[in-house]
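>>> pasting the sequence and the predicted coordinates here, then a few questions.
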Amino acid sequence: MKYSILTIAAVLISGFSFAQNKMEKCNKLVQEEQKVCKDNVITSIVSDYVEYPENALFNENEGTVYVRFATDENQNLKSVRVLGESDKELAEAAQKAIERFAYAEGKMMLAQSEVYRIPVKFELE
């Protein structure tokens, strides 16, 4: 049991440091390109937090949900909103993925008082 917990911790730490390295690379870009780069990194990481709804899996529902979320001056998640028309279950799963990300890795990666608009993709393998 100890071994598996240590393995999980090592994987999480290495994943977080990999994401931090990507964000540092974004910081080296010209200002106009930084936001797009950071949004792409966040989009990639959020996908790890997505839990495909069982009913959507059963019905083979796929799609992209566009989510807008904002942070406050302390980098805390302030609001999450689905943009446009989306499947209800996929939209709820996308919002939950953003919330899980924001309270885990996102706390260290999200900027203060920033607005993000990212796609959350649901694709069957």
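Here it is on my side, so go on.

>>> rest of the way, CA atoms for contacts and neighbours
Fine.

>>> the helix or strand residue 35 falls within: what's the following helix or strand?
Assessed by DSSP states H and E, residue 35 sits inside helix 31-46. Remark: after helix 31-46, the chain's next helix or strand is helix 54-58, criterion DSSP H and E.

>>> tell me the mean pLDDT over that following helix?
Computed over helix 54-58, the mean pLDDT rounds to 94.

>>> same question, stretch 104-122
91.

>>> oh, and call the first residue 26 from now on, that's how I've got it
Sure thing, new numbering starts at 26, so read that last one as stretch 129-147.

>>> and that stretch, C-alpha only, in PDB?
Output of stretch 129-147 as PDB, limited to C-alpha atoms (Å, rounded to 0.1, in the frame of the first residue of the first chain):
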ATOM      1  CA  ALA A 129      -5.600  21.400  -7.100                       C
ATOM      2  CA  GLU A 130      -2.900  22.400  -9.700                       C
ATOM      3  CA  GLY A 131      -4.700  25.500 -10.800                       C
ATOM      4  CA  LYS A 132      -4.200  27.300  -7.500                       C
ATOM      5  CA  MET A 133      -0.500  27.600  -8.500                       C
ATOM      6  CA  MET A 134      -1.000  28.100 -12.200                       C
ATOM      7  CA  LEU A 135      -3.900  30.500 -12.500                       C
ATOM      8  CA  ALA A 136      -3.300  34.300 -12.500                       C
ATOM      9  CA  GLN A 137      -4.900  36.800 -10.200                       C
ATOM     10  CA  SER A 138      -8.100  38.400 -11.300                       C
ATOM     11  CA  GLU A 139      -8.000  36.700 -14.700                       C
ATOM     12  CA  VAL A 140     -10.700  35.500 -17.100                       C
ATOM     13  CA  TYR A 141     -10.200  32.200 -19.000                       C
ATOM     14  CA  ARG A 142     -12.100  30.800 -21.900                       C
ATOM     15  CA  ILE A 143     -11.200  27.200 -22.700                       C
ATOM     16  CA  PRO A 144     -12.600  24.200 -24.500                       C
ATOM     17  CA  VAL A 145     -13.200  21.000 -22.600                       C
ATOM     18  CA  LYS A 146     -13.300  18.100 -25.100                       C
ATOM     19  CA  PHE A 147     -15.300  14.900 -24.700                       C
END
